[in-house]
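S.K.: Here is my input; please provide its structure:
(2 chains)
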Amino acid sequence: SQTIHQWPATLVQPVGSPLSLECTVEGTSNPNLYWYRQAAGRGLQLLFYSVGIGQISSEVPQNLSASRPQDRQFILSSKKLLLSDSGFYLCAWSMGARSPLHFGNGTRLTVT
Amino acid sequence: AQKITQTQPGMFVQEKEAVTLDCTYDTSDQSYGLFWYKQPSSGEMIFLIYQGSYDEQNATEGRYSLNFQKARKSANLVISASQLGDSAMYFCAMTGYGNKLVFGAGTILRVKS
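M.R.: Numbers count the residues shown, from 1 in each chain, chains lettered A, B, ... in the order given. Down below sits the predicted model:
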């Protein structure tokens, strides 16, 4: 069966520090991968999605970036965090536009 | 561009009763999918039910059913026999020809005993 791992679960970082969140999927090949962000009590905002290795689509201009160095690995990064980057970050995978997204457990990021 | 609207910020329902969570959508695509997710206070996103735009039958999954009215562009979630564990945030979402899933703002459901 397929599983998705996302870490860390919580993270507190100072403003201006770098960020690296990692997500890996097991049990499937060539999945679509996604990074979403959720502000407290709000809906999910799509940040990045990828349909293959090295293919990244950005939805929202910001100081975040994403990379997919391997088929089942998706990384969210920032060189310098802003206070507004605080939120709940969710990684997800799917096998196509008609397939449901399967989410990781999320990373709660607090920028201080 | 696709858009999902959930007009109910919060809902209350008595335990064992049915509840309907509203969702309307806007898209110019002919082929699309509609999804409902549940998010408990723990934060995990749980897939509940899927409806394809060409599906003639309304989708059902256990106590969950989707009331799909294509002409009205609505995809309401019906939860029958509510349980205390159903208390959570519920999100409606859709995807079209692209690979993106667009979410609504969500509805908080509270089940009262």
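
S.K.: For burial, what's the neighbour tally of the closest residue to B:D26 other than its chain neighbours?
M.R.: Counting by C-beta to C-beta, 6 or more residues apart in numbering or on different chains, B:D26 lies nearest to B:K3, which is 4.4 Å off, once chain neighbours are set aside. Heads up, the C-betas are built off the backbone N, CA and C, glycines and all. A total of 11 residues lie near B:K3 under the criterion other C-beta atoms under 10 Å in any protein chain shown.

S.K.: Then A:G96?
M.R.: Neighbours of A:G96 using other C-beta under 10 Å come to 11.

S.K.: need the contact list for it.
M.R.: A:32, B:99 (C-beta atoms under 8 Å, 6 or more residues apart in numbering or on different chains).

S.K.: burial count for whichever residue of chain A sits closest to chain B?
M.R.: Nearest residue of chain A to chain B, counting by C-beta to the nearest C-beta: A:F103, 3.9 Å away. Residues near A:F103, counting by other C-beta under 10 Å, number 23.

S.K.: tell me the SS of the one residue sitting closest to the centre of chain A?
M.R.: Closest to where the C-alpha atoms of chain A average out (C-alpha atoms, centre = their mean) is A:W35, at 3.1 Å. Using DSSP: H, G, I helix; E, B strand; the rest coil, the secondary structure recorded for A:W35 is strand.

S.K.: ranges for the strands of chain B?
M.R.: B:3-5, B:10-14, B:19-21, B:24-26, B:33-39, B:46-52, B:60-61, B:64-69, B:74-79, B:88-95, B:102-103, B:107-112 (DSSP state E).

S.K.: Can you flag the weakest of these by average pLDDT?
M.R.: Among these, strand B:102-103 has the lowest mean pLDDT, at a mean of 90.

S.K.: for it, packing partners?
M.R.: Where contact means 3 or more C-beta pairs under 8 Å, 6 or more residues apart in numbering or on different chains; DSSP states H and E, strand B:102-103 is packed against strand B:3-5, strand B:88-95.

S.K.: Now do the last one: which elements does it pack against?
M.R.: This means strand B:88-95. Counting contacts by 3+ C-beta pairs under 8 Å, 6+ apart, strand B:88-95 packs against strand B:3-5, strand B:33-39, strand B:74-79, strand B:102-103, strand B:107-112.

S.K.: Flag every buried residue along stretch A:56-72.
M.R.: Within stretch A:56-72, the residues that count as buried by 16 or more other C-beta atoms under 10 Å in any protein chain shown are A:56, A:64, A:66-68, A:72.
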